[in-house]
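Visitor: Okay, predicted coordinates and the sequence, questions at the end:
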Amino acid sequence: MELVAPLKEGAEAVRERGGVTSDLCFLCGLCTASCPWNIVRTFIPHKMIRQAQFGLFDLEDEEWWLCTTCNTCVSRCPRGVGITDIMRAVRTIMMEYRMAPASLRSVLASLGSVGNPLREAREKRADWAKGLDVKPFMRGTDLLYFPCCIPAYDSNAKGIAQATARILQKTGANFGILGAQENCCGESARKAGNESLFEHLAKSNINAFNDSGVKEIVVSSPHCYTTFKDEYPKLGGNFTVTHFTQYLARLIDEGKLKFKELNKKVVYHDPCYLGRHNGIYDEPRKVLKSIPGLELQDEVDSRENSLCCGGGGGRIWMETKKGERFSDVLVDQAIELGADILATACPYCILNFKDSALTLGKSDIIEIKDVSELVQMVI
């Protein structure tokens, strides 16, 4: 076991990197009882917070990379301990000692070199929009659509961006995209502890947005939403940010969106970064409930108690062992509830659910859809 530093020095390093609330913890264990990892394996966050308090943690301990930053523990902590901030602070130290998992290091290198985690060429970032007559964003355009790297590049999620663009067109939105001018929002880099890379990506985006005259952004990813709303202002990037489910709910309220009938049973999954992190629970449900014929049901645990899909905190880029995937649990639950479709509003959730349905051999039993894809089917 390699310790970062004894007592005061290591503990101070954690505080300097954002883990300022570690001393508030009095080891009640509620974070451990709340952590989704304990559904599939043993994971003891309060033990790790104790290690951070004293600066005595193992730089080679892979458990520091398990946290998905789902925020369940933070939302329930009676002492207001920023547990995910402490996890990120220790990861930052581990990054400095080059102790990150190999798969994550590869993704971070890709983010630094080509601005996306999938090692795709920058000039291909707008390829998802080919044939859709989506216009480049320019001054005078009302709305920037920022699709997130996953819908921009991954074939399993491109349908999210394409459905969103078609809906925006059909409802008469004056929108555009920046394509190769934009980078990843940087959220995964920050949650993985690479602050300098996050700032590089964020400042590049802020400059691109400002140079193009962007004022309002609509996003598909709750991770982009949180980053643009909460992190970019600290770096001088002040924009109005809307998640697409909020945008759709607003159109419904204004009477600008009408739906055809869809006779399907849909189970809706609350993404951690849309729900617990931002309190957006009602808007996606408003949209789905507005579709005639659609029977909507919540998951076994929903809203603030929703089970994480497993993709946050950089986990989407790390291998999760078979039998330890939260998304497997959620797909099985949706099937048991009789769902025709498992719907959500996050590209990370979509990737994990599709992978689970495939590896469980249940892709022919249940469909995985983003809310935007469901809406595009019925307008």
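Guide: Yep, it's here. Residues are numbered from 1 along each chain as shown.

Visitor: Look up the pLDDT of Phe57 for me, please.
Guide: On pLDDT, Phe57 comes in at 86.

Visitor: now do the one 4 residues further on
Guide: Turning to Asp61, the model gives it a pLDDT of 91.

Visitor: The one 5 residues further on too?
Guide: Leu66 is assigned a pLDDT of 96 by the prediction.

Visitor: Might one say that it is in contact with Val40?
Guide: No: taking contacts as CB atoms under 8 Å, Leu66 lies outside contact range of Val40: 10.7 Å. Where you see a C-beta, it was placed from the backbone N, CA and C, and this is true even at glycine.

Visitor: Looking at these two, which is more packed in?
Guide: Set Leu66 next to Val40 and count neighbours by other CB atoms under 10 Å: Leu66 wins out with 20 against 16.

Visitor: residues touching the more buried one, list them.
Guide: Residues near Leu66 by CB atoms under 8 Å, 6 or more residues apart in numbering: 37, 43, 315.

Visitor: go on, Glu319?
Guide: With contact taken as CB under 8 Å, 6+ apart, Glu319 is in contact with Ser103.

Visitor: Spell out which residues make up each domain of the chain.
Guide: 7-96, 102-249, 256-378 (automatic domain parsing).

Visitor: which ones among the contacts of Leu66 are found in strands?
Guide: Secondary structure defined by DSSP state E assigns none of the contacts of Leu66 to strands.

Visitor: Ramachandran angles for the spatially most central residue of the chain?
Guide: Residue closest to the average C-alpha location in the chain (CA atoms, centre = their mean): His223, at 3.7 Å. Phi and psi for His223, reported as degrees, to the nearest 10, are phi -70, psi -40.

Visitor: these two touch, right, it and Cys346?
Guide: Yes: contact between His223 and Cys346 holds when scored by CB under 8 Å: they sit 7.4 Å apart.

Visitor: where do the contact lists of these two overlap?
Guide: By CB under 8 Å, 6+ apart, the residues touching both His223 and Cys346 are Tyr273.

Visitor: so how far is Trp64 from Tyr348?
Guide: To Trp64, Tyr348 is 20 Å away according to CB to CB, to the nearest Å.

Visitor: Neighbour count: the two, which is higher?
Guide: Using other CB under 10 Å, the more surrounded residue of Tyr348 and Trp64 is Tyr348, with 27 against 23.

Visitor: I figured Leu251 was touching Thr245, is that so?
Guide: No: using CB under 8 Å, Leu251 makes no contact with Thr245, being 10.8 Å away.

Visitor: When the two are compared, which one has more neighbours?
Guide: More crowded of Leu251 and Thr245, by other CB under 10 Å: Thr245, with 27 against 18.

Visitor: Now do that one, the pLDDT please.
Guide: The model reports Thr245 with a pLDDT of 98.

Visitor: what comes into contact with the helix or strand harbouring it?
Guide: Assigned by DSSP states H and E, Thr245 falls within helix 244-253. Identification of contacts with helix 244-253 by CB under 8 Å, 6+ apart yields 164, 167, 171, 218-220, 257, 274, 280, 282-284, 286-287, 290, 345, 371-372, 375.
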